[in-house]
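J.: My questions concern the predicted model and sequence given below.
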Amino acid sequence: MKTVVAVVFDIDGVVRDVSGSYRRALADTVEHFTDGAFRPSSQEIDALKGEGVWNNDWEASQELIFRHFEAQGQAREQLTLAYSTIVQFFQSRYRGTDPVHWNGYICGEPLLLEAAYLESLTKAGIAWGFFSGATQGSARYVLEQRLELVEPVLIAMEDAPGKPDPTGLFLTLERLDCGECPVIYVGDTVADMYTISQARERDHARSWFAVGVLPPHVQETETRKNDYRETLRQAGAHIVLDNVQDLKPEVVGELVGEV
């Protein structure tokens, strides 16, 4: 069947619930390097990511550490904390202590979609792939081991600049080989929505659509859901869904007017 549209998915908060893994590791890391003085809440992490430039959780951890000490009157330039040390501690929590057989928080991540959903997109002539700020190892763990996908199209942290730079999105589309078909990018953060805005600025010939998904950690109360939904809309989301699988082929058709 001829490809009529391409859907590219973020992974964290879209394909898998990372509230008890990546976000927990982020909080652990900040708490550790502030000597237990500061453990960011879920809302404080959201506020940082709402700035649209902290998609990388290692960098987000470092930034929250810096801001804590700045609030205590210490300039970040005076801190003797190596970025590699932050990354190493973060990974010891997220991946675990065994580099071969991971035993960290990643092992308990709930999945937010099923492989059958992706098969339904394929049957409708919709191409799909993944562009994520996660590492190749982490992304392939969920896609290939958990979802049992065979060689999915994936651009990860090592392959392109971090979002909202759209370079990785363009690389994903090249691998999908869908010509100038309309593109939907599905993500759960402000940076994801900004990625589509920047892609549109670079390529005016193609139709671009941003779809927001509410990550599980913001769905605990209606107030928080509504606030987060509005944040994604303000950042450029055309629609905001409660779950990625609500983006059914007919919804894709309504959105782009081509299926």
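T.: Perfect, thanks for sending it. Keep in mind it's a predicted model, so treat the numbers as computed, not measured.
J.: What is the neighbour count of R202?
T.: 12 (other Cβ atoms under 10 Å). Heads up, the C-betas are built off the backbone N, CA and C, glycines and all.
J.: ok, and the closest non-adjacent residue to it?
T.: Leaving aside its sequence neighbours, R202 sits nearest to P166 (Cβ to Cβ, 6 or more residues apart in numbering; 6.4 Å).
J.: got a list of what the one you found touches?
T.: In this structure, P166 makes contact with 195-196, 198-199, 202, judged by Cβ atoms under 8 Å, 6 or more residues apart in numbering.
J.: for A156, same thing?
T.: 130, 132-136, 138-140.
J.: what about the chain, any weak spots by pLDDT?
T.: Within the chain, the ranges that satisfy pLDDT under 70 run 1-3, 258-259.
J.: circling back: which of the contacts of P166 count as buried?
T.: Buried subset of those (neighbour count, 16 or more other Cβ atoms under 10 Å): 195-196, 198-199.
J.: Okay, and which of those map to helices?
T.: In this view, the buried ones among the contacts of P166 that belong to helices under DSSP state H are 195-196, 198-199.
J.: now the strands: where do they sit in the stretch 151-259 of the chain?
T.: 154-155, 183-187, 208-213, 239-241 (DSSP state E, counting those that start in this stretch).
J.: What of the stretch 1-150 of the chain?
T.: So, for the stretch 1-150 of the chain - with DSSP E, counting those that start in this stretch - the strands run 5-9, 126-131.
J.: Relative to the last one, what are the paired strands and their orientations?
T.: Right, strand 126-131. strand 5-9 (parallel), strand 154-155 (parallel) (DSSP bridges).
J.: List just the one of those that sits closest to E70.
T.: When the strands paired with strand 126-131 are compared by Cβ to Cβ, strand 154-155 sits nearest E70, at 33.8 Å.
J.: Between all of the buried ones among the contacts of P166, which two are separated the most?
T.: I196 and Q198 (7.4 Å).
J.: wait, what's in contact with the nearest residue to D28 once chain neighbours are set aside?
T.: Leaving aside its chain neighbours, D28 sits nearest to R93 (4.9 Å; criterion: Cβ to Cβ, 6+ apart). R93 makes contacts with 24-25, 28-29, 104-105, as judged by Cβ under 8 Å, 6+ apart.
J.: run the last query once more with 7 Å
T.: 25, 28-29, 104-105 (Cβ atoms under 7 Å, 6 or more residues apart in numbering).
J.: Distance-wise, check Q245 relative to H217.
T.: 18 Å (Cβ to Cβ, to the nearest Å).
J.: Settle it for me: which of those two has more neighbours?
T.: Using other Cβ under 10 Å, the more surrounded residue of Q245 and H217 is H217, with 19 against 15.
J.: Next up, the contacts around the more buried one.
T.: H217 touches 19, 23, 42, counting by Cβ under 7 Å, 6+ apart.
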